[in-house]
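A.B. asks: Quick one, what's the 3D model for this:
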Amino acid sequence: MTDLLGAALLLLSLDKKDITVLGEGFESIVIEQRDGTIFRIAKTIETAGHYTKECQLLPHIRSSLDVEIPLPISNRYDPSIVPPGIMSYTKLKGTPLHPDRLSPGNLPIIAKQLAEFISKLHAIPVHSLPANCPQEVNNKNRMRELRANTQDILTKVLTVKEQRILSSWWEETLEDETFYTHPNVLCHGDLWYANILTDELGEQLTGVIDFSATHIGDPAQDLATQSYMGEAFYRLMCREYANSFPADTTIEHRVKRHQGLRELGGLVHALRYDPSEIEDAVSKIKHVIIK
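C.D. replies: Prediction:
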């Protein structure tokens with residue numbers, strides 16, 4: 001991280017003592033300047049491209065949403081240098097949501113507000129979006145690629161019985177025509193709790209961040225991540241969401257597929273970027289798919 005961060009600070013004409021490192025993931029380093037400006041520093045050219053997409057998309061959709069989202073201030077994209085991309089925006093108010101912050105009092109409030117946010121996001125007409133917004137429909141070829149990329153490691157770490165269960169799950173998923181027939185909407189793409197902000201009491205949704213995975217695709221993807229908040233939260237949020245899209249009668253079926261695919265995708269990330277996370281990724285696959 002040091003070399004990449006140092007190069008970014010040099011480009012931004014910032015001193016290390018004037019920033020705070022908020023976090024680091026597979027794709028980005030996130031820092032905060034003293035004045036509240038957030039900088040996201042791309043580790044790869046692909047991520048830098050995502051920043052460019054965000055900077056074009058976010059101003060376009062802000063007026064359609066009742067919850068704050070980042071308003072980009074600047075975006076540097078140059079694949080010939082390190083880092084290849086840096087985007088900035090003013091820090092949003094709020095604290096990341098976490099299952100531990102939920103109680104019987106605030107759970108239904110936040111679940112309803114989040115369902116309303118997702119509903120408004122999914123209702124934005126896709127034909128009005130910038131041309132560079134990618135489309136990622138549920139696709140058998142991508143599923144087969146994901147299976148191939150995880151098969152070797154899972155064959156080594158799973159028991160014979162677990163391998164049979166996973167194999168059956170894959171065959172069912174690949175032949176599940178319901179999964180490949182879905183509406184196409186604007187999806188956040190990574191709407192897990194760390195990207196959802198609330199006030200200090202956890203009673204008001206104040207913002208949603210990190211739209212780098214935003215795309216046009218299956219709305220079930222944005223519901224799949226809500227299971228991390230617990231069964232009660234997930235069920236209530238799904239009921240609220242269904243009020244806005246009653247015609248999508250197979251969405252919860254597709255959610256279950258996406259929950260498994262998300263964990264398999266997490267294993268691919270671990271294999272590529274952080275082998276120390278492989279054990280945890282395998283554990284999540286067992287919990288979601290094999291049980």
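A.B. asks: which residues in the stretch 151-291 of the chain form strands?
C.D. replies: 185-187, 196-198, 205-208, 215-217 (DSSP state E, counting those that start in this stretch).
A.B. asks: of all these, which lies closest to residue 177?
C.D. replies: strand 215-217 (17.1 Å; Cβ to Cβ). No exception for glycine: its C-beta is placed from N, CA and C like everyone else's.
A.B. asks: May I have the strands that pair with the closest one, each with its orientation?
C.D. replies: strand 135-136 (parallel), strand 185-187 (antiparallel) (DSSP bridges).
A.B. asks: quick one, which of the ones you listed is nearest to residue 198?
C.D. replies: strand 185-187 (21.3 Å).
A.B. asks: before we move on, the earlier item: now mean neighbour count too, for the strands of the stretch 151-291 of the chain, in TSV please.
C.D. replies: What follows is the strands of the stretch 151-291 of the chain, written out as TSV (neighbours: other Cβ atoms under 10 Å):
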stretch	mean neighbour count
strand 185-187	23
strand 196-198	24
strand 205-208	21
strand 215-217	20
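A.B. asks: Quick check: the gap between the most centrally placed residue in the chain and residue 215.
C.D. replies: Most central in the chain under Cα atoms, centre = their mean is residue 190, positioned 0.9 Å from the mean C-alpha point. Counting by Cβ to Cβ, to the nearest Å, the gap from residue 190 to residue 215 is 10 Å.
A.B. asks: which residues of the stretch 1-150 of the chain score low on pLDDT?
C.D. replies: Flagging of the stretch 1-150 of the chain using pLDDT under 70 yields the residue ranges 1-2.
A.B. asks: residue boundaries of the strands in it?
C.D. replies: With DSSP E, counting those that start in this stretch as the criterion, the stretch 1-150 of the chain has strands spanning 19-24, 28-33, 37-42, 72-77, 85-90, 95-96, 135-136.
A.B. asks: Point out the most buried one among these.
C.D. replies: The highest average neighbour count among the strands of the stretch 1-150 of the chain, using mean count of other Cβ atoms under 10 Å, belongs to strand 37-42 at a mean of 24.
A.B. asks: quick check: angle from that strand to strand 72-77?
C.D. replies: On the basis of axes from the mean of the first three to the mean of the last three Cα atoms, to 10 degrees, strand 37-42 is oriented at 30 degrees to strand 72-77.
A.B. asks: which residues does residue 217 contact?
C.D. replies: By Cβ atoms under 8 Å, 6 or more residues apart in numbering, the contact list for residue 217 reads 135, 136, 137, 138, 184, 185, 187, 189.
A.B. asks: again, 7 Å this time
C.D. replies: For residue 217, the contact set (Cβ atoms under 7 Å, 6 or more residues apart in numbering) comprises 135, 136, 137, 184, 187.
A.B. asks: what is the first one paired to in the beta sheet?
C.D. replies: What that stands for is residue 135. residue 216.
A.B. asks: And the contacts of stretch 149-161?
C.D. replies: Under Cβ under 7 Å, 6+ apart, the answer for stretch 149-161 is 163, 166, 264, 267, 268, 271, 278, 282.
A.B. asks: Can you flag which of those residues belong to helices?
C.D. replies: Taking DSSP state H, the ones among the contacts of stretch 149-161 that sit in helices are 163, 166, 264, 267, 268, 271, 278, 282.
A.B. asks: how about the helices in the protein?
C.D. replies: Using DSSP H, helices in the chain cover 2-12, 45-61, 107-123, 140-157, 160-174, 220-224, 231-244, 251-273, 278-285.
A.B. asks: Return the distance of the residue in the chain sticking out farthest from the centre relative to residue 285.
C.D. replies: Farthest-out residue of the chain from its mean C-alpha position, per Cα atoms, centre = their mean: residue 160, at 32.1 Å. Remark: distance between residue 160 and residue 285 (Cβ to Cβ) = 16 Å.
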